[in-house]
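# no sequence on this one, just coordinates:
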């Protein structure tokens, strides 16, 4: 069982990640890829991705990722840096900056007395070239295994976030924590994960907790091994049907016509703005850069389809009545 201890300050500082976390989804998808009896909702994904990976010329990339991510048990904390809450590139930059000391510690724990394959052993020695090779491998795997399905993954996570937001509105921060049943139990300042594979105590000590809803979290919530890192708890969401590749903007013929008029990405930016999102939130939802979002929102704003409000370091985009009419038309 995992037992997480909250102070009153920790309860107030607990929040839900703003979108699907790209590095957590990547790492957990590697675990699921190696399972023999995975959820039937992702079996098609497993078959398709396995076939794509078999066609890859650089098999060393996959061997390294699989060596670092066994389907059960410990996997290195440095693969899922806290910064990935701000998107894949931010997470990858943090991963590339991992110190040799942390690499050596995490990979020594992973080895557990066993000899690591050569690329992982080079990582454990802190060789910069090995770290950049790992980052390139993660990017390549992501393009094959996650990118074609990202909108479906994000939709499942967004549905869970809506559920948590309602719980927060109805019951405050404690209502949010109580909504995590039955996988977790909240009572008297303690959050328990009964099916956790090890017996652990985590004291938040005023840092709060980042809850990360995850599509590929298969069985039980996951926490970082190192208690000194920013506290994160990843938990599974309802998958909302089989995982199939996205073929274009949702919403039927009207949305398809809108994409033909504006371009697929710009139409998607307009659709995302219907929820009232910041530049960073749109970028994470659509898996594009913040700079690209800014470019598209400028065009849409100049056309009178949305308005943008700056609040300190963020810009919130919402639809104008004309923008909503175009989206609904």
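Perfect, I can see it now. Note that the coordinates shown come from a computational prediction; the quantities given were computed from them, not determined experimentally. Numbers count the residues shown, from 1 in each chain.

# Report the contact partners of residue 147.
By Cβ atoms under 8 Å, 6 or more residues apart in numbering, the residues touching residue 147 are residue 287. Any C-beta I mention is one placed from the backbone N, CA and C, and that applies to glycine too.

# neighbours around the closest residue to residue 173 other than its chain neighbours, how many?
Nearest non-adjacent residue to residue 173, counting by Cβ to Cβ, 6 or more residues apart in numbering: residue 11, 4.8 Å away. When counting by other Cβ atoms under 10 Å, one arrives at 19 neighbours for residue 11.

# List of residues touching stretch 152-164?
Contact partners of stretch 152-164, identified using Cβ under 8 Å, 6+ apart, comprise 16, 19-20, 25, 146, 176, 179, 211, 213-216, 237-240, 243-244, 246, 285.

# typo on my end, stretch 66-80
Outside of stretch 66-80, the residues within contact range by Cβ under 8 Å, 6+ apart are 21, 23-24, 27, 30-32, 34-35, 91, 95, 98, 102-103, 106-107, 109-110, 112, 116-117, 119-120, 134, 197, 224-226, 229, 232.

# hmm, try it at 6 Å
With contacts defined as Cβ atoms under 6 Å, 6 or more residues apart in numbering, stretch 66-80 is touched by 23-24, 27, 30-31, 34-35, 98, 102, 106, 110, 117, 120, 224-226.

# again, but for stretch 321-329
270, 304, 305, 306.

# Centre of the chain to that stretch, how far?
Stretch 321-329 sits 30 Å away from the centroid of its parent chain (Cα atoms, centre = their mean, to the nearest Å).

# Any buried residues in it, and which?
Using 16 or more other Cβ atoms under 10 Å as the test for burial, stretch 321-329 gives 323, 324, 326, 327.

# for stretch 27-44, same thing?
So for stretch 27-44, counting by 16+ other Cβ under 10 Å, buried means 27, 28, 29, 30, 31, 32, 33, 38, 39, 42.

# May I ask you to confirm that the third one is in contact with residue 216?
Which is residue 29. Yes: here residue 29 lies in contact with residue 216, judged by Cβ atoms under 6 Å, at a distance of 4.4 Å.

# No further queries at this time; thank you.
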